[in-house]
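Q: build me a model from this:
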Amino acid sequence: MTELSKPRSPHSHHVPRHEYCPAVAYLVTGATLREQHFFGDNQKLRHLEETLFEIAEASQWTLEEWAILSNHYHLIGVGAESAWPLSPFIQKSIPRQRSG
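A: Numbers count the residues shown, from 1 in each chain. Sure thing, here's the model as predicted:
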C-alpha cells in the first residue's frame with residue numbers, strides 16, 4: 001500500500017484518505033440515518049438550508065450548487081484558504097438524528 005492509500009486510523013474507512021485543498025470544488029453527498037425522511041416538509045427543509053448557509057459563511061465555504069431533500073443532500077462547495085476542513089464543516093452543518 002502506498003502512503004496515500006493507507007487509512008489515517010484503524011477507524012477510518014476512507015481509502016485513499018480525504019485531503020483538503022483550498023479553492024478546489026468538492027462534491028459532498030450524504031444521507032440521513034437509515035435514509036429516514038427527517039426533513040419531510042418545506043419548513044424543515046428551509047430551516048436546514050438557512051442553517052447550512054450560515055455555517056458555510058462562518059466557516060469560509062462558498063456553496064456553488066446544492067440539493068437538499070427530505071432524506072439526503074448534495075453540495076458542491078469551494079473552501080477559502082483559511083476554511084474549515086470538510087469533516088468539521090459537514091459535521092457542524094448537517095444535524096445528526098439518532099434513534100433511541
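Q: where in this protein is pLDDT low?
A: Counting by pLDDT under 70, the ranges of the chain that qualify are 1-18, 93-100.
Q: if we go to 90?
A: Per-residue confidence for the chain (pLDDT under 90) gives these ranges: 1-22, 28-34, 48, 51-56, 58-59, 73, 82-100.
Q: what are the contacting residues of whatever helix or strand Val28 lives in?
A: Assigned by DSSP states H and E, Val28 belongs to strand 25-31. Strand 25-31 is contacted from outside by 64, 71-79, 86, 90, 94, using C-beta atoms under 8 Å, 6 or more residues apart in numbering. Yep, even glycine has a C-beta here, placed from its N, CA and C like the rest.
Q: go again with 10 Å.
A: 18, 20, 61-67, 69, 71-79, 86, 89-90, 93-94 (C-beta atoms under 10 Å, 6 or more residues apart in numbering).
Q: how far off centre is that strand?
A: Distance of strand 25-31 from the chain centroid (C-alpha atoms, centre = their mean, to the nearest Å) equals 6 Å.
Q: CA-only coordinates of the helix or strand following that strand in PDB, if you can.
A: Next helix or strand after strand 25-31 toward the C-terminus (DSSP H and E): helix 42-58. Output of helix 42-58 as PDB, limited to C-alpha atoms (Å, rounded to 0.1, in the frame of the first residue of the first chain):
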ATOM      1  CA  ASN A  42     -40.900  22.800   3.400                       C
ATOM      2  CA  GLN A  43     -40.400  24.500   6.800                       C
ATOM      3  CA  LYS A  44     -37.800  21.900   7.900                       C
ATOM      4  CA  LEU A  45     -36.000  22.000   4.500                       C
ATOM      5  CA  ARG A  46     -35.900  25.800   4.600                       C
ATOM      6  CA  HIS A  47     -34.500  25.800   8.100                       C
ATOM      7  CA  LEU A  48     -31.800  23.200   7.200                       C
ATOM      8  CA  GLU A  49     -30.900  25.300   4.100                       C
ATOM      9  CA  GLU A  50     -30.700  28.500   6.100                       C
ATOM     10  CA  THR A  51     -28.600  26.800   8.800                       C
ATOM     11  CA  LEU A  52     -26.300  25.300   6.100                       C
ATOM     12  CA  PHE A  53     -25.600  28.700   4.500                       C
ATOM     13  CA  GLU A  54     -25.000  30.400   7.900                       C
ATOM     14  CA  ILE A  55     -22.400  27.800   8.800                       C
ATOM     15  CA  ALA A  56     -20.900  27.800   5.300                       C
ATOM     16  CA  GLU A  57     -20.400  31.600   5.600                       C
ATOM     17  CA  ALA A  58     -18.900  31.300   9.100                       C
END
